[in-house]
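Student: model this:
(chains A and B)
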Amino acid sequence: MRSLSEIETAVKRASRAVGFSWGNSEEVGKSIRQLELFGLQGIKNLNQYYKDKITKKFEDLNLINEINEASLEAYCPIILGISFLDQIKSVEIFKTIKFKKIAYPVIFLSFLSRASEISGKKIHVRLDQNEILLNLNVNICSSFLKKEIPEFAYEIEIKFIDNEDNFTESEWNSLYKLAEDTFVEESDSLKQGAAGAGLTDND
Amino acid sequence: MNVELRDPNTIMKLSRLGSFHQSKLSFLRSFLSEFKDWDYSRDLFNLDQNGYGEAVYSFKKKDRVYSLVCFANEIKDEERSDRVIATKWDAAFTLHDGIPSSADIKRLKDEVPKQEVGRLSFKELTLSRANKSVRVFNHVVESLSEGNQPDLDLISKVGYLYRTTAVYGSGKFGLADRFRIKNREEINGPFRLEMMLVYLVRQFTFDQVNHVAHYKNPKKAVKLDKQICKNLGIGNSTGLGMAPFIVNHPTLLNNWILSRETALKKIREIKDVDQKDAELFIDCIKKSLTNITSWNTDSKYQQNKIKSLLKNIRKFIDFIDNRFAFKKAEYPFNKIYLWLEQNVCEECIEYVVSIMMEPYNNIIEPLVSNMSSDEDKYFNIPTNRTVNELQKIIEKKYPNILDINFDQKESQQNFWFISKNKEEPRLADRFEEHGSELEQPLAIARDIKKLYEKLLIEKENLTIAEFLSSNSELRHVIRRAFIVEKFPYSEIQDNTIGKDIIPIDMLRLKLSFFGALKFDPRSDKWLRICMFQGAPLPTELKNYDEQWVYKASN
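Tutor: As a prediction, this is how the structure comes out:
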């Protein structure tokens, strides 16, 4: 088994070899390492992308808008991912961000996962018919578990999810009530003697 | 009194970093301190009469066990090489996490002797190999087998029976990634498991030499005297592989140097020094002279440094013996430090700074735990900052770098690259060798200057995100500039590609933090050192003299 450290180093060097700057290559190394840690096929997709890159012309998107449509084959997932990371403060104010045609979207996902951590918000992604939830770079939930993420995604929609509870108030109250069963009802003498402070704070 | 931390623009120059010496903060010393109350044992010793076979040594505490698995092999003299290109070694080692099963040992026997072309698993933590100093090893075997102890002059000249030629960790060749073990309290310090491996290898070399001598002449053979064992360490040959490490791990480098600088600051701020602490300091200084006078090297460069160090240390001893009164002085270590700056060479300043730490466990121990780094935390670039802010950071943090004229040929005479044959870092002349188009991103000074010049012509309020969209080739140094803003000692304040660079300064910096002694440059690109010379044996760890470094009779 390859260690994550080996993966990061090899990816960084390979990325430099195909023409990315050293700084961008460092970003790719970190991102693919993270994908492999999450059990997604980072190495496989990156390898294939670098092979395709020789014959196909992918588009670099340096400035992200609410709606983005590739005029060439598809967007390069690396430049797109790095731009997304760099512009996180300006893009997180958009309600939704739409892209048309991204090559090897799983590579882009790794950057979105890191962007989720930086912004402190979960990110919901729809890749054509599939949905993915990026949880602050702690994990990636998706409906892709048993199938491969395709080499191209044609309709991509990204939403930042506001930090809200994932449960209703009544679900919380019901659970909290159970938790209260670990508390002791205080008698007068316990009120007098068991706390460190006095009964009033007016002294 | 508040003493300022020393200026990174002085301390982070290569000549100063190349003058650092081991100290109480060094990793081999903090390793011994951490593991002194662990149970040591030799669990397997299955060598034939020539000393070839397997052995296992372990440290154990509660449920945690670390086991060194050793494989000693027969090799021909012509196959023995210190160079990283070697493919066979006298012995190969791995540190296994837990107690190795017989299946583990069988697997490791196939893989560990192959080193870089073998595959380890997440159950292994470090990997190494070593060659005998044949001259010393054979002499010791001969002497012991005849019932005599070896010639101390020869032993002292070399200082070890074996020298390692590489020690690998942190995910190399399939070894466990650091993140798997980083929360273990006992390894909360850099390179602690690498130090454990080297320390246990040292014991293996003693056991092996005794074993071979015994089988050579079972009736007459004696064991190597324990005091002689203690005065033997483990040698190490180190090439350029270490140099990029300190450039590629800026926050880690900062934490090492900052710990040293913080220790010095706190010691200089002590108003009244206890007599026993003053005596310990002076005692260590005087006893350490043996380490200097027994420091052998054929390198003219190092011989001059040693000569100057010895002369300056004697001058310093004369000062504290005849012209300085610890008892009467307030802030005596501050006064000593200021005197050193005025009167002795860089090598001597750093030598004495190291020894100043000896009396102060209360200052040093908390700093040891700050010497690791969670590097990923500082990887992301704050792209919402502006060009103006970045420009100011560079002006403040890299003033001397900005003075270098990179249009001059000699300022960029060299380039760093990775050799295809061994995947190891190398340094070559840009104008005489091919390959500079594949240069590694280690020319930080040149690239920082390039970044600065680009920033000067940009709009001040442009965000870094906007700047990066058309300057991605400078991304690696933009990241570094934002790191150095928070971590003042994270950057070497020198030109690492200039004509006059002495790469062993970079190696020496790292090796001093390991705790190495007796730097012996074999060229400007590789050197030999000795580790654990004078250190307690594993059976003595529960109660040992902390100042053993200065008391080796070598």
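Student: Up against chain A, what does chain B have?
Tutor: B:121-122, B:170-179, B:376, B:379-381, B:383-384, B:418, B:441, B:464-465, B:468-470, B:472-479 (C-beta under 8 Å from any C-beta of the partner chain). C-beta: built from backbone N, CA, C; applies to glycine.
Student: Filter those down to the buried ones.
Tutor: Buried members of the residues of chain B next to chain A, counted by 16 or more other C-beta atoms under 10 Å in any protein chain shown: B:121, B:170-178, B:380-381, B:383, B:418, B:441, B:464-465, B:468-469, B:472-479.
Student: Point out the ones among the residues you listed that are inside strands.
Tutor: Judged by DSSP state E, the subset of these located in strands is B:Ile418.
Student: Give the buried residues for the longest strand along chain A.
Tutor: As assigned by DSSP E, the longest strand anywhere in chain A is strand A:152-161. By neighbour count on 16+ other C-beta under 10 Å, the buried set for strand A:152-161 is A:Ala153, A:Ile156, A:Ile158, A:Phe160.
Student: which residues are contacting the helix or strand that it is followed by?
Tutor: Sequence order places helix A:169-180 as the next helix or strand after strand A:152-161, per DSSP states H and E. Around helix A:169-180, the neighbours that count as contacts under C-beta atoms under 8 Å, 6 or more residues apart in numbering or on different chains are A:Asp165.
Student: what pLDDT, on average, does helix A:169-180 get?
Tutor: For helix A:169-180, mean pLDDT is 93.
Student: Stretch B:181-190 too?
Tutor: Stretch B:181-190 shows a mean pLDDT of 89.
Student: Show me what the longest strand of chain A packs onto, helices and strands only.
Tutor: Using 3 or more C-beta pairs under 8 Å, 6 or more residues apart in numbering or on different chains; DSSP states H and E, the elements in contact with strand A:152-161 are strand A:97-103, helix A:105-119, strand A:122-127.
Student: Pull out the CA atoms of that strand and give them to me as PDB.
Tutor: This file holds the C-alpha atoms of strand A:152-161, laid out as PDB (Å, rounded to 0.1, in the frame of the first residue of the first chain):
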ATOM      1  CA  PHE A 152     -17.000  14.500 -17.500                       C
ATOM      2  CA  ALA A 153     -19.800  16.300 -15.700                       C
ATOM      3  CA  TYR A 154     -22.000  18.500 -17.900                       C
ATOM      4  CA  GLU A 155     -24.200  20.300 -15.400                       C
ATOM      5  CA  ILE A 156     -22.600  21.200 -12.100                       C
ATOM      6  CA  GLU A 157     -24.300  23.200  -9.400                       C
ATOM      7  CA  ILE A 158     -22.700  24.200  -6.100                       C
ATOM      8  CA  LYS A 159     -24.400  25.600  -3.000                       C
ATOM      9  CA  PHE A 160     -22.800  26.700   0.300                       C
ATOM     10  CA  ILE A 161     -25.000  25.400   3.100                       C
END
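Student: Quick check: closest non-adjacent residue to the residue of the stretch 151-300 of chain B found nearest chain A.
Tutor: Residue of the stretch 151-300 of chain B nearest chain A, by C-beta to the nearest C-beta: B:Gly171 (2.8 Å). Spatial nearest neighbour of B:Gly171, chain neighbours left out: A:Ser5 (2.8 Å); criterion: C-beta to C-beta, 6 or more residues apart in numbering or on different chains.
Student: who touches that neighbour in this structure?
Tutor: B:Ser170, B:Gly171, B:Lys172, B:Asp177, B:Arg178 are the contacts of A:Ser5 under C-beta under 8 Å, 6+ apart.
Student: Output those residues as CSV; include the columns distance to B:Leu232 and pLDDT.
Tutor: Shown next, in CSV, are the contacts of A:Ser5 (distance: C-beta to C-beta, whole Å; pLDDT from 0 to 100):
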residue, distance to B:Leu232, pLDDT
B:Ser170, 28, 85
B:Gly171, 32, 89
B:Lys172, 28, 91
B:Asp177, 34, 93
B:Arg178, 31, 88
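Student: okay if I get those as JSON lines plus distance to B:Arg260?
Tutor: JSON lines is the format used below for the contacts of A:Ser5 (distance: C-beta to C-beta, whole Å):
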{"residue": "B:Ser170", "distance to B:Arg260": "22"}
{"residue": "B:Gly171", "distance to B:Arg260": "27"}
{"residue": "B:Lys172", "distance to B:Arg260": "27"}
{"residue": "B:Asp177", "distance to B:Arg260": "28"}
{"residue": "B:Arg178", "distance to B:Arg260": "22"}
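Student: Check those residues and tell me the two furthest apart.
Tutor: Maximum pairwise distance among the contacts of A:Ser5 (C-beta to C-beta): 10.8 Å, between B:Lys172 and B:Arg178.
Student: Name the spans of the chain whose pLDDT lies under the cut-off.
Tutor: Picked chain A for this. Chain A contains residues with pLDDT under 70 at A:145-146, A:196-203.
Student: meant chain B actually
Tutor: For chain B, applying pLDDT under 70 flags the ranges B:82-85, B:553-554.
Student: Have a look at it and report its longest helix.
Tutor: Identified as the longest helix of chain B according to DSSP state H is helix B:192-216.
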